[in-house]
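K.L.:
structural data only, the sequence is not supplied:
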């Protein structure tokens, strides 16, 4: 039977806060609901890979605890998150999945640096407090940020200003695809590989599987729901997209479906 790679987007983070890299209370609830929904799929020998950001660790902690509680209520899960530990910046790193309850941390699944991308587009927003103040003054802060972010992402991915960025769009896309290849290799003798990451890496690898243009990758990223799951089958012929942006576990309540 083909193995499945589950690409899980983190739960809702702290939009508008000084530190975005922290799950909100709703983000933790979304992650628990995801774990309960996925529990029937858990198998001994499954591998777990977690991106290097705090919101990835917190999502994994909530999701896996709910998943394993549904399978074996007496079991707990050691905390993955250290609130005092800062989230690392995107960086190259090596890592592979590990057996069962062990967790492999893989920084290649980190999100791009959204603060740098916004600040290169609008230099005044190097001052994050100014960005927060301007968004707070908008009629619809989330819509205002979406408009700003879309323009900033278009500039980043255009290739015309690559010298402005520490990590270019092609470099980001390449590290995500390398991380996916490592996950596929880890799946060789497992039923499932659970990957906790962000929307950007998920969109980048799906774009590659579909051989879609760059603009499509950005649209894929914006449509991803917090605590959604995208599933890939590892077949002899290669990786195949099975499910994109699955979030039926959140649709019982409208307020559970969030994008930022």
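P.N.:
Good, I have the coordinates. All values reported here derive from a predicted model rather than from experimental measurement.

K.L.:
any stretches of this structure with poor pLDDT?
P.N.:
In the prediction, the chain carries residues with pLDDT under 70 at positions 1, 16-18, 72-101.

K.L.:
other SSEs contacting the longest strand anywhere in it?
P.N.:
Longest strand in the chain by number of residues, with DSSP state E as the criterion: strand 238-246. In this structure, strand 238-246 packs against helix 199-210, strand 229-235, with contacts taken as 3 or more CB pairs under 8 Å, 6 or more residues apart in numbering; DSSP states H and E. Every C-beta, even on glycine, is put in place using the N, C-alpha and C of the backbone.

K.L.:
apply 10 Å and report the result again.
P.N.:
The helices and strands touching strand 238-246, judged by 3 or more CB pairs under 10 Å, 6 or more residues apart in numbering; DSSP states H and E, are strand 3-9, helix 25-38, helix 169-186, helix 199-210, helix 214-223, strand 229-235.

K.L.:
could you identify which of the ones you listed is most buried?
P.N.:
Between these, the one whose residues have the most neighbours on average, counting mean count of other CB atoms under 10 Å, is strand 3-9 (a mean of 25).

K.L.:
adjacent strands (with direction) for that strand?
P.N.:
strand 192-197 (parallel), strand 229-235 (antiparallel) (DSSP bridges).

K.L.:
quick one: which of those is nearest residue 114?
P.N.:
For those, proximity to residue 114 was assessed by CB to CB; strand 192-197 is nearest, at 14.3 Å.

K.L.:
any idea how far that closest one is from the chain center?
P.N.:
Its chain's C-alpha centre lies 10 Å from the corresponding centre of strand 192-197 when counted by CA atoms, centre = their mean, to the nearest Å.
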